[in-house]
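In: Sharing a sequence plus its predicted fold:
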Amino acid sequence: MASNQEEIVMTPSKKGKATRIRIEKKRRLPTDVKSVELAAGGVHKGLVVNKAAGDEVDEGPPQLQLEFKCWLEDQKTQKHVPESRVLKFWFKEHAGYLDRVTTAYEFFRELVQPYDFPRDYVGFIKKCMKQMQSPMYDLARMITVELQKLDEDECPPLSPEPGDSDFGGAIPKEDKRSKEEITRERVLYMLESAYPNVCAVDEIVQMSQGDEPAVMSILEELRTKSMVRQMEEGGWMRQVQLDETTDVQVVKRMPEIHKAQQPSIAIITSAYYEKLAVDAMMEEKTTYVRYKSGKGAESNVYTLGYIGNHKVVTTKLPQMGHHRAAKISTGNTTTRLLGTFGQVEHVFLVGCGGGVPHFTDFYKHCRLGDVVVSTPNQAGDIYIYCDKATENEKNQVQYTLKGWGPKDKVIQDVAEEIRNQLHVNPAHRPWVEYLSDGQERLCSQEADFARPKQSSDKLYMNVGGSDVIEVGHPPVPEEHEHLYQAGIPTIRYGAVGSGRPVVAKDHLRQDFAYTHNIVCYDSEFDQVLDSVTGSGLRSFIFIRGICDYLDGSKSKTWSPYAALAAAAYTKTLISALPNPAVDS
C-alpha cells in the first residue's frame, strides 16, 4: 500500500473530445469538501476522487507514454466498440531509465491481465488507482489516462480460427477471397512445406480441402509457370524458379565432392522462402535435389556455393513440428546433411521468428523486419526449448526445459565485433546492401520479398474472451536516434525460445521470455540441435527475422522480407568470419 501519509487522488477533466484522468500521489490533508467528490473508506481507504477540473494543469512532457486501442464487446449490441487509451507516466526524481521502463511495463502488464481486465470505464480507472497504491509502483509519482471513443467503422484486428492458443474465442477471421484463390494458396503452401519431398494428389486434395478436379487444374496452372513438376508415380514437387544465378540438378545420388572443395559452413532453413532468401546471398551456386521416389521416401535438397571466401551448403527441412513424423524427419535431414558434408565446422539456422514485444523499453522491443542474433543467456544457452509448463495453486509456473549453447563461440564473437563497429560507425550496415541485392535477385519469385508498409506493423494483445487491444510501439530514445533508421532492420541480441506449452499461451510466453532472456520464438528445432551437437559440432547460431508477434493475427505479410533480412545479416556475419584455410 502507499504510505499512510499519502493518498491517491483522481481528478477528471476534458481535453478536446477526450476524457482526461489525472491520478497522482499526494500528501494526506484534511478533506476539502469544495473540491472532493468522494473520499473512499474501508478496503479502498486512501483513494480520493476530485470533482471535475475546469482548467488543464501543465505537468510538462511525460517521462514515458503508452498508447493502445481497445475493441471491447458491448454486451447489449454484441458489437466491438473501439476506444483509444493513452497512459502517461511521471516518476520520482531518483528513478533511472531502467526503473522507469520496468515500472511502466509492470503497471501495464498488471492492468491488462485477461482474468480481470476492466471492461468498463469506471472499473478501468479504479484499477489504475488501486495499482498506484501498490508498493510495486512506488517510483511512479503521477499518471494520466486519456480515453476517447473512435469511429465505430474502424475494424477490430483479425484473429485466427477458433481453437488456436489463447485466441479460441477471438474475433473470427473473415477471408473474402474466392474458394479457388484459397485452394491455390493451400496447394502451393503444402508443396513448399513438403519440398523437396513429393506430394501425392490425394494428400494435396485432403490437406487443401479442395476437390480433385479443382486441385488438378491448379497443379496444371502452376506447372505451366514452371513452379511445380510432376514426378514418378504421379506425385508433385515444388520447383525452384530459375534465374541467371541458379543451376538446379535433380539427382538420384550426390556427386562426389573432393575434400578440398567441401563446405565448412552449413545453413539450415525450414520454409521454402527462407531457403530462397539464403540462396540469394550466394555466388557460384548449384542446387542438387536428391530425389527418392515412393510413399514416405525422404528427398533432400542441397545448394553449394560461396558466401565471401567460405564454401557453404544450404538445405531446407521438409517439415517442422513435434509430432513423431516431423521429429524423425528433421533429425534425419540434419544428420544426413552433416554426414554428407563431413568438413562442416559451423552451422547457421536461418529463417523467421516471432518477436517478444516489450511495450515500454525500446531496447528490448523487436519490430517486424528486425533481425535477432542468438547470444547466450545467463545459463550460456542460445536456444531454450520448453517441453512442459505447470502452474501451481499460487499461479507460480514451473518449466521443464532443455537448453543448447555452442562450445565454441567464434560466431558469437564476430557478431559482437559487428555490433561494436555499428556503434562506432552507424553508417556501417553491410546487410542493408545485401538485402537490396537479394530483393533484385528474387523479384520474379511468387513470394514478395519487398518490405511491407510500416503501418502494417501492429501489435495486438488478447485481454480475454473476444476483447482485443492494439498497443503502440515504444519510441526510439532521443539520445540514440542516430543508431536507428526507419525502414532498415535493427539487429537485436538474445536467446531464442520454442515449445508449444509456452508459445501457445500469451502469459506463459511473456513470462518464459523474461525469465530466460528470450528475444524471439520459432519452430521447434530441438531435434535439429540434438543432431548438430550429436555430430560433435561445437559452433552454431540462430539468425531470425521477425515476421510476427505470435499474437494470433497469423499474417504472413512480413515473412519473405523477414527471411531475407535474416539472410542478409547472415551474409554479413559469414563474410566477417575467419577462414583459416584462406587466411593461411
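Out: The structure has been received and is ready for your questions. Residues are numbered from 1 along each chain as shown.
In: where in the stretch 251-400 of the chain is pLDDT low?
Out: For the stretch 251-400 of the chain, the stretches flagged by pLDDT under 70 are 293-297, 319-329, 395.
In: and with 90 instead?
Out: Low-confidence segments of the stretch 251-400 of the chain (pLDDT under 90): 251-261, 284, 286, 288-300, 317-336, 340, 357-365, 377-379, 387-400.
In: tell me the helices in it, going along the chain?
Out: Shown for the stretch 251-400 of the chain, the helices assigned by DSSP state H, counting those that start in this stretch span residues 272-279, 324-340.
In: so can I have TSV of those showing distance to Asp457 and mean neighbour count?
Out: No exception for glycine: its C-beta is placed from N, CA and C like everyone else's. Output for these, formatted as TSV (distance: least, CB to CB, whole Å; neighbours: other CB atoms under 10 Å):
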stretch	distance to Asp457	mean neighbour count
helix 272-279	19	27
helix 324-340	30	18
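In: those strands in the stretch 301-450 of the chain, which residues are they?
Out: Per DSSP state E, counting those that start in this stretch, the stretch 301-450 of the chain carries strands over the ranges 310-316, 346-355, 371-374, 383-391, 397-404.
In: go on, the stretch 451-584 of the chain?
Out: Under DSSP E, counting those that start in this stretch, the stretch 451-584 of the chain gives strands at 459-462, 468-471, 491-498, 518-521, 539-548.
In: measure Met129 to Lys69 for me?
Out: Distance, Met129 to Lys69, using CB to CB, to the nearest Å: 22 Å.
In: and Arg229, what is it in contact with?
Out: Counting by CB atoms under 8 Å, 6 or more residues apart in numbering, Arg229 touches Arg223, Trp236, Met237, Gln239.
In: 7 Å instead, please
Out: Contacts were defined as CB atoms under 7 Å, 6 or more residues apart in numbering; by that measure Arg229 touches Arg223, Met237, Gln239.
In: now Val198
Out: By CB under 7 Å, 6+ apart, the contact set of Val198 is Met231, Gly235, Trp236, Met237, Ser299.
In: Run through the residues that contact the residue lying closest to Ser531 once chain neighbours are set aside.
Out: What sits nearest to Ser531 in space, not counting adjacent residues and going by CB to CB, 6 or more residues apart in numbering, is Thr334, at 3.8 Å. By CB under 7 Å, 6+ apart, the residues touching Thr334 are Ile268, Val528, Ser531, Val532.
In: between these, which has the most around it?
Out: Ile268 (28 neighbours; other CB atoms under 10 Å).
In: hang on, that residue packs against Leu349?
Out: Yes: at 5.1 Å, Ile268 counts as touching Leu349 under the criterion of CB atoms under 7 Å.
In: what is in contact with those two at once?
Out: Common neighbours of Ile268 and Leu349, counting by CB under 7 Å, 6+ apart, are Val528.
In: mind checking the SS state of Gln220?
Out: Just to correct that, residue 220 is Glu rather than Gln. Classification of Glu220 using DSSP: H, G, I helix; E, B strand; the rest coil returns helix.
In: Let me know how buried the nearest residue to Thr183 once chain neighbours are set aside is, in neighbour terms.
Out: With CB to CB, 6+ apart as the measure, Gly210 is the residue that lies nearest to Thr183, at 3.9 Å, once sequence neighbours are left out. By the measure other CB under 10 Å, the count of residues near Gly210 is 21.
In: now do the one 3 residues further on
Out: Neighbour count for Pro213, taken as other CB under 10 Å: 9.
In: ok, it to Arg22 distance?
Out: Going from Pro213 to Arg22 by CB to CB gives 66 Å.
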